[in-house]
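Let's see this in three dimensions:
(2 chains)
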Amino acid sequence: KAGVTQTPRYLIKTRGQQVTLSCSPISGHRSVSWYQQTPGQGLQFLFEYFSETQRNKGNFPGRFSGRQFSNSRSEMNVSTLELGDSALYLCASSSSTGHNSPLHFGNGTRLTVT
Amino acid sequence: TQLLEQSPQFLSIQEGENLTVYCNSSSVFSSLQWYRQEPGEGPVLLVTVVTGGEVKKLKRLTFQFGDARKDSSLHITAAQPGDTGLYLCAGFRSGYSTLTFGKGTMLLVSP
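Got it, this is the predicted structure:
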């Protein structure tokens, strides 16, 4: 079974630009969550989607948005990039929502904003 | 304020040594998970503990959930270079549906 696939692996953008990151979950998984990982803050929850609906949202500004498609693939978008948005963005999928569904992470997209 | 505090932040040891890393909170968690993340990869789930006082073993790794479900520990016996990585604890706070992560303990095991 293929794992969670995130594309691209690396991105370099300039302040003010916008970026779209993609995540393909494990086949059959309907829940996709996004996390931002930085050395200073660790992993912080961005949002969770299940069956194309946003179920939960973390404490991030409106510049961060996401969506999920009918095939469970998900994208997240960051507009008006700031230097502080430089981070590893991780996507995780699970078969359903809730405490009993383990998360399977992709290897992330490393975003650098200059 | 970090909901889950992990200590130590960094640990550098020799192969064959034993070690314990800690994950503490003032909040009650309905379950706690431990992940290991290697450079350039995403976190991989090692174990989930759900009952206060629960102890789980995974080969040389022993995980314990505190009786009050506010803390957890990970003990590694006879560490090997392959144990090198970032160890993350994460949990579901009682009444919440999102997973909260600690900042992690970076472990380096030298041959």
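
Next to chain B, which bits of chain A? Give me the list.
Residues of chain A found near chain B (CB under 8 Å from any CB of the partner chain) are A:4, A:33, A:35, A:41-45, A:48, A:55-56, A:58, A:90, A:92, A:97-99, A:102-108. No exception for glycine: its C-beta is placed from N, CA and C like everyone else's.

make it 7 Å
Within chain A, the positions near chain B by CB under 7 Å from any CB of the partner chain are A:42-43, A:45, A:48, A:56, A:90, A:99, A:102-103, A:105-108.

show me where chain A has strands.
Taking DSSP state E to define them, one finds strands in chain A at A:5-7, A:10-13, A:19-24, A:31-38, A:42-50, A:53-57, A:64-68, A:74-78, A:87-94, A:104-105, A:109-113.

Chain B now?
B:5-7, B:10-14, B:19-24, B:29-37, B:44-49, B:55-58, B:61-65, B:71-76, B:85-93, B:99-101, B:105-110.

Packing partners of the first one?
The one in question is strand B:5-7. Secondary-structure packing of strand B:5-7 (3 or more CB pairs under 7 Å, 6 or more residues apart in numbering or on different chains; DSSP states H and E): strand B:19-24.

Neighbouring strands - and their directions - for the strand it packs on?
Under the criterion DSSP bridges, strand B:19-24 sits next to strand B:5-7 (antiparallel), strand B:71-76 (antiparallel) in its sheet.

Please dump those strands into CSV; it should also carry mean neighbour count and mean pLDDT for every row.
CSV is the format used below for the strands paired with strand B:19-24 (neighbours: other CB atoms under 10 Å in any protein chain shown; pLDDT from 0 to 100):
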stretch, mean neighbour count, mean pLDDT
strand B:5-7, 17, 96
strand B:71-76, 20, 97
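
List, one by one, the residues from chain B near chain A.
With CB under 7 Å from any CB as the criterion, chain B meets chain A at residues B:30-31, B:40-43, B:45, B:48, B:88, B:92, B:97-99, B:101-104.

Buried by neighbour count, from those residues: which ones?
Those of the residues of chain B next to chain A that meet the buried threshold are B:31, B:42-43, B:45, B:48, B:88, B:92, B:99, B:101-104, by 16 or more other CB atoms under 10 Å in any protein chain shown.

Can you lay out the strands paired with strand B:19-24 as a markdown table showing distance to A:T112?
Listed next are these as a markdown table, based on distance: least, CB to CB, whole Å:
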| stretch | distance to A:T112 |
| --- | --- |
| strand B:5-7 | 26 |
| strand B:71-76 | 32 |
